[in-house]
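1. The sequence and its predicted three-dimensional model are supplied below.
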Amino acid sequence: MDIGFSAEEQRFREECRDWLHSNVPDERRPLDAADALEFDKAWQRRLFDAGWAGINWPAEYGGRGFSIVQQVIWLEEYAKAKAPWIGANFVGVNHGGPTLIANATDEQKAFHLPRILKAEAIWCQGFSEPGAGSDLAGIKTRGRVEGNELVVNGSKIWTSFAHVADYQELVLRTEEGSERHSGLSWVICDMRAPGITVRPIRKMSGMTEFCEVFYDDVRIPIENVVGGLGNGWTVAMSTLSFERGTGFIADQVKQAQEVEDLIETATGNGMIEDNRIAEELAQLRAEVAAARAMTYRNISEVEKRGQPGPEASVIRVFTSELGRRIETMGVRLMGEEMLDFRYGDDDQVQDYLRGFASTIAGGSSQIQRNIIGERMLGLPRSR
């Protein structure tokens, strides 16, 4: 694998850097999902209008048709510029859209993909359920086929941005009597359809981002099924491969900047003189470099196969656990200042509190290790 960049790619990096330098907003993104919605949509539309949304999406759907290497370059420069998190656009842009590109019909792509990139439609994910969090094969939400519709009943939980979303990538059981991986379907659900109730969940950070979603005889057209009835497990695995792989590249490159910021903080307040602090910061810097190497290797594989494989779980578990260690170091370096924290006052504490979900969301670290053991190492399935 060649991890160098061509002269053309270096020029592209300069182009990214110059645009971000001139366009990253000065104002801070609001913390609460509902408060941040208009900010997120305006920023995403600004990216789209300037040609920076969907770097590697097909041009016919509003992207630029560039390579995934150029997408990585963009994300690296995005993190260095400390540009705002895309927030409510995350699900649609980072794995809903890519899943549609890989699996949807031409009609589904033509309708939904441009709307995602322009922030005209916000998406959320309907995978986890009470009693079936990381175990996607254990879901019980059902869609009964009636003519040309699915009649959906059940519930989902930990659904980020459901209270502001227009559409949902919803996995449900559409085959009566099916169990585990069989009989599932991946469908596009209109979040304003009659029978849907959304209940926001306030997190310990004070923010409201997660939600419960309830379905009471919700009718979804059969034409909204992606990849065909009963093929939901395969489609969902492509969704999760994007979420666990390329969907977290931005997090990884952001972590590199965070560690350098922590080193600067520790140097400024004298805590770098503590050998334990210095050693831990050096370890974090080394682990960030290791994560970058794994990312580049994964990108090389994506270029060959078209989408991430099970190797994405290695990156997912490493990145999330590394993030927790970085966030913990951040609050340690705050010292007594952390005792004066009030909701909304400090990004460092917000990151720390928000980070408790990072090793659970998108498949817990334990689930990721099972995937690594079974699909990469050929170990027996855990029981």
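-> Perfect, thanks for sending it.
2. contacts and neighbour counts: CA atoms only from here.
-> Fine.
3. Kindly provide the distance from the residue located most distally from the centre of the chain to residue 170.
-> Note on the chain: the largest C-alpha distance from the chain mean falls to residue 273, namely 36.9 Å (Cα atoms, centre = their mean). Distance of residue 273 to residue 170, given as Cα to Cα, to the nearest Å: 51 Å.
4. domain parsing for this protein?
-> 7-117, 123-230, 245-376 (automatic domain parsing).
5. before we move on, back to that, which residue packs closest to the residue farthest from the centre of the chain, ignoring adjacent ones?
-> Once flanking residues are discounted, residue 273 sits nearest to residue 267: 7.9 Å by Cα to Cα, 6 or more residues apart in numbering.
6. Restrict the helix or strand hosting the one you found to CA atoms and write it as PDB.
-> Assigned by DSSP states H and E, residue 267 falls within helix 249-269. Once side chains and other backbone atoms are set aside, the C-alpha atoms of helix 249-269 remain, and they are given as PDB (Å, rounded to 0.1, in the frame of the first residue of the first chain):
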ATOM      1  CA  ILE A 249     -12.500   9.100   9.600                       C
ATOM      2  CA  ALA A 250     -13.400  12.600  10.700                       C
ATOM      3  CA  ASP A 251     -13.200  11.500  14.400                       C
ATOM      4  CA  GLN A 252      -9.800  10.000  13.900                       C
ATOM      5  CA  VAL A 253      -8.200  13.000  12.300                       C
ATOM      6  CA  LYS A 254      -9.900  15.200  14.900                       C
ATOM      7  CA  GLN A 255      -8.300  13.100  17.700                       C
ATOM      8  CA  ALA A 256      -4.800  13.900  16.300                       C
ATOM      9  CA  GLN A 257      -5.500  17.600  16.700                       C
ATOM     10  CA  GLU A 258      -7.000  17.100  20.200                       C
ATOM     11  CA  VAL A 259      -3.900  15.300  21.400                       C
ATOM     12  CA  GLU A 260      -1.700  18.100  20.200                       C
ATOM     13  CA  ASP A 261      -3.900  20.600  21.900                       C
ATOM     14  CA  LEU A 262      -3.700  18.600  25.100                       C
ATOM     15  CA  ILE A 263       0.100  18.600  24.900                       C
ATOM     16  CA  GLU A 264       0.000  22.400  24.400                       C
ATOM     17  CA  THR A 265      -2.300  22.700  27.400                       C
ATOM     18  CA  ALA A 266      -0.100  20.500  29.600                       C
ATOM     19  CA  THR A 267       3.000  22.500  28.600                       C
ATOM     20  CA  GLY A 268       1.300  25.800  29.300                       C
ATOM     21  CA  ASN A 269       0.000  24.900  32.800                       C
END
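7. List the buried residues in it.
-> Residues of helix 249-269 classed as buried by neighbour count (16 or more other Cα atoms under 10 Å): 249-259, 262-263, 265-266.
8. Can you tell me which of those is nearest residue 237?
-> Among the buried residues of helix 249-269, residue 249 lies closest to residue 237 (Cα to Cα), at 18.2 Å.
9. Show me what the helix or strand following the helix holding residue 267 packs onto, helices and strands only.
-> For helix 249-269, the following helix or strand on the C-terminal side (DSSP H and E) is helix 275-305. Where contact means 3 or more Cα pairs under 8 Å, 6 or more residues apart in numbering; DSSP states H and E, helix 275-305 is packed against helix 68-80, helix 249-269, helix 312-334.
10. Tabulate those in JSON lines, adding columns for mean pLDDT.
-> Below are the helices and strands packed on helix 275-305 laid out as JSON lines (pLDDT from 0 to 100):
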{"stretch": "helix 68-80", "mean pLDDT": "84"}
{"stretch": "helix 249-269", "mean pLDDT": "83"}
{"stretch": "helix 312-334", "mean pLDDT": "81"}
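11. average model confidence for stretch 55-64?
-> Here the mean pLDDT over stretch 55-64 is 88, rounded to a whole number.
12. and the end-to-end length of it?
-> Between the opening and closing residues of stretch 55-64 lies a distance of 5 Å (Cα to Cα).
13. then the helix or strand hosting residue 115 to CSV, C-alphas only?
-> Secondary structure assignment for residue 115, by DSSP H and E: helix 106-117. Extracted C-alpha coordinates of helix 106-117, given in CSV (Å, rounded to 0.1, in the frame of the first residue of the first chain):
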residue,chain,number,x,y,z
ASP,A,106,-32.0,4.6,-9.5
GLU,A,107,-35.3,6.3,-8.6
GLN,A,108,-34.5,6.1,-4.8
LYS,A,109,-31.0,7.6,-5.4
ALA,A,110,-32.3,10.4,-7.7
PHE,A,111,-34.9,11.5,-5.1
HIS,A,112,-33.0,11.2,-1.8
LEU,A,113,-29.3,11.7,-2.5
PRO,A,114,-29.4,15.3,-3.7
ARG,A,115,-31.7,16.2,-0.8
ILE,A,116,-29.3,14.7,1.7
LEU,A,117,-26.3,16.7,0.4
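14. Going along the chain, name the strands of the stretch 51-200 of the chain.
-> Using DSSP state E, counting those that start in this stretch, the strands of the stretch 51-200 of the chain run over 123-126, 142-146, 149-156, 167-173, 184-190, 196-202.
15. Parallel or antiparallel, list what pairs with the first one.
-> This points to strand 123-126. Sheet pairing of strand 123-126 (DSSP bridges) gives strand 167-173 (parallel).
16. ok, so what distance separates the residue nearest to residue 126 when sequence neighbours are not counted from residue 233?
-> Spatial nearest neighbour of residue 126, chain neighbours left out: residue 170 (4.5 Å); criterion: Cα to Cα, 6+ apart. With the distance defined as Cα to Cα, residue 170 ends up 12 Å from residue 233.
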